[in-house]
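# below: sequence and its predicted model.
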Amino acid sequence: MAALLSFLWPGLGQLYTGRRRLAVVFALPAALVLLALIYQMRQGVFVFGARLLNSDFALGALVIVVLLGVWRVVAVAHAFVTGEALEARRTLERAALAALVAVIVVSHSAAGYMLWVTYEADSRVFAPRSDLIVSATPAPSLALGVTPEPTSTTTPEPTPAIGSRVTILFNGVDSSPSRGERLYDTIMVVSYDPKTNSVQMVSIPRDISNFPLYYGGTAPAWLRINALPTDVSKGFKSPDSPYPTLVKEAQYLVGVHIDYYAVMDLGGFVKMVDMVGGIDVNNPSAICDCAYDGWPGYDWMDGSPYGFYLPAGPQHLDGRHALAYVRSRHSAGQSDFTRQGRQQQVLVDLLHKMAQPGQLLNLPNLIDTLGSSVTTSFPADQVADYVAIGENVPSGNFKQVVLDGPYFWGYLGSGAACLNYNKVAVLSRELFGEDSLWWGKADPAPTCGTA
């Protein structure tokens, strides 16, 4: 009985046998750990889970879990030894003791494993990965007939302080072998403004061309922004290495300083949605990406029959169908612009789903998926702080913009899209105020024709 009580809480068995001082000695460390856990959980389970992405925090928690497990084993064994005379002990009682110790070892080992996985997230997720971002500039391609300027070696800018505007570039990259090159088909700038406690989301069409370059000149008609890093790696002139060129170009076009990036492979997106049990979306209009006029329909890229249909209204989507939802654009009333709006919607829905308390136990699997399909420059030790901030942003304070309508100039002869970049600059001032890089500056000149 004494061993069972100390299993439930260290020190209870000692108290049961009248050893009050030992009861306090065994109970106090466990009580301190419980109080620390309650304090760390004060902002909710999701924020606590985000804190575990900080390698220092995860390592400290791992050490505490191991030491607490050892302490519990000692408390149970001591209660068993002192609880009754040795000669009175039977084989069944020893078996019960072994079972209690086994439960402690298994449970603390499982918790330790989870913490070890989160500890490794720092090196797996929060570090550049060459399979997701084109980072090095090889010798220029003679086929393009251009020579890149030397790669920029400027000192990295300091990270923004908590409480100041922070902006992230989100990219979804299609790096399937059949492509032969990485295409950054999702280009979304997400900015948080602490002054107004609001979030601004701006999606840049993947097929735009003839855009003004941040280092001077205009992109040629054959170059599309989703292939910009790949083209820089092949020899297109840029003062920076391939992926930073895309980051700085998005920063220039949208007109807000980009502090960090996050890149996800499309295959990883499918795994992540499945990992959280799917997502719930409200489809604004029916989608029928079906065969017509020579178009075979949506390509599932897995050998399945072509075609994707989704009714309007509330829908629960697994990873495969969520990917189709954000990629499909060949349907009546659908376009690259409408799917960009769905991409913003799915990003918000996915974050809400990941914020549910039940996802904490799923954290090792999520980290494993993130580690194999995501890379980000966001500092791990600030994730929890911004998660806590984000949870307090009212839904009405999310401003979601797709650069269509007045911002869309039309299509070029090559089939690429072109924007009214002067009107995008006006939008930038409206969204970001004095934080806009276009604040107090003249609008860029139109590059596609008369605005």
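Received, thanks.
# walk me through the domains of this protein.
Domains of the chain are assigned by automatic domain parsing as 2-124, 166-222+248-435.
# so which of the ones you listed is nearest Leu132?
domain 166-222+248-435 (4.7 Å; CB to CB). Using the backbone N, CA and C atoms, a C-beta is placed for each residue, glycine as well.
# ends of the closest one, how far apart?
End-to-end distance of domain 166-222+248-435 (CA to CA, to the nearest Å): 10 Å.
# residue boundaries of the helices in the stretch 251-400 of the chain?
When assigned using DSSP state H, counting those that start in this stretch, the helices of the stretch 251-400 of the chain occupy the ranges 266-275, 319-327, 336-354, 363-373, 383-391.
# list the buried ones in the third one?
Within helix 336-354, the residues that qualify as buried are 336-350, 353-354, counting by 16 or more other CB atoms under 10 Å.
# immediately after the helix ranked longest in the chain, which helix or strand?
The longest helix of the chain (DSSP state H) is helix 91-124. Following helix 91-124 in sequence order, the next helix or strand is strand 166-174 (DSSP states H and E).
# partner strands of the next helix or strand after that next one and their direction?
Scanning forward in sequence from strand 166-174 by DSSP H and E, the next helix or strand is strand 183-193. Here strand 183-193 has these sheet partners by DSSP bridges: strand 166-174 (antiparallel), strand 198-203 (antiparallel).
# what's the longest helix of the chain packed up against?
Under the contact definition 3 or more CB pairs under 8 Å, 6 or more residues apart in numbering; DSSP states H and E, helix 91-124 sits against helix 2-8, helix 55-83, helix 363-373.
# what's the weakest-modelled helix or strand in this structure?
Every helix and strand of the chain was ranked by mean pLDDT, DSSP states H and E. The lowest is helix 363-373, at a mean of 72.
# next one: that helix to chain centre, how far?
Between the centre of helix 363-373 and the centre of its chain there are 10 Å (CA atoms, centre = their mean, to the nearest Å).
# for it, name the packing helices and strands.
helix 91-124, helix 266-275.
# please identify the deepest-packed of these.
Per residue and on average, the most neighbours among those fall to helix 266-275, with a mean of 20 (mean count of other CB atoms under 10 Å).
# check the offset of it from the chain's centre.
Distance, centroid of helix 266-275 to centroid of chain: 11 Å (CA atoms, centre = their mean).
# C-alpha coordinates for it, CSV please?
Taking C-alpha atoms only, helix 266-275 is exported to CSV below (Å, rounded to 0.1, in the frame of the first residue of the first chain):
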residue,chain,number,x,y,z
LEU,A,266,3.9,20.4,-50.9
GLY,A,267,4.3,16.8,-49.8
GLY,A,268,5.0,18.0,-46.3
PHE,A,269,1.8,20.0,-46.4
VAL,A,270,-0.2,16.8,-47.1
LYS,A,271,1.4,15.0,-44.2
MET,A,272,0.9,17.9,-41.8
VAL,A,273,-2.8,18.2,-42.5
ASP,A,274,-3.2,14.5,-42.1
MET,A,275,-1.2,14.6,-38.9
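# how far off helix 363-373 does it point, in degrees?
170 degrees (axes from the mean of the first three to the mean of the last three CA atoms, to 10 degrees).
# these two touch, right, Tyr19 and Val81?
Slight slip there: residue 19 is Arg, not Tyr. No. Using CB atoms under 8 Å as the test, Arg19 is too far from Val81 to be in contact (11.6 Å).
# who's more crowded, those two?
Set Arg19 next to Val81 and count neighbours by other CB atoms under 10 Å: Arg19 wins out with 19 against 13.
# count of neighbours near the residue nearest to that one when sequence neighbours are not counted?
Once flanking residues are discounted, Arg19 sits nearest to Thr82: 7.0 Å by CB to CB, 6 or more residues apart in numbering. The local packing of Thr82 (other CB under 10 Å) involves 15 other residues.
# find me the pLDDT at Thr82, would you?
pLDDT, Thr82: 83.
# contacting residues for Asn365?
If a contact means CB atoms under 8 Å, 6 or more residues apart in numbering, then Asn365 has Met275 as its contacts.
# just to check, Ile64 is in contact with Val33?
Yes. Counting by CB under 8 Å, Ile64 touches Val33, with 6.2 Å between them.
# got CSV for the helices and strands packed on helix 91-124, with distance to Val125 too?
Shown next, in CSV, are the helices and strands packed on helix 91-124 (distance: least, CB to CB, whole Å):
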stretch, distance to Val125
helix 2-8, 37
helix 55-83, 11
helix 363-373, 5
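# tell me which of those sits nearest to Val45.
Closest approach to Val45 among those (CB to CB): helix 363-373, 10.0 Å.
# with just CA atoms, put the closest one into CSV.
Output in CSV follows, covering the C-alpha atoms of helix 363-373 (Å, rounded to 0.1, in the frame of the first residue of the first chain):
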residue,chain,number,x,y,z
LEU,A,363,4.0,17.1,-31.1
PRO,A,364,6.7,14.5,-31.9
ASN,A,365,4.9,13.5,-35.1
LEU,A,366,4.4,17.1,-36.1
ILE,A,367,8.1,17.9,-35.4
ASP,A,368,9.1,14.9,-37.5
THR,A,369,6.9,16.0,-40.4
LEU,A,370,8.1,19.6,-40.0
GLY,A,371,11.7,18.4,-40.0
SER,A,372,11.4,16.6,-43.2
SER,A,373,9.4,19.2,-45.2
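# and it, what's buried?
363-371, 373.
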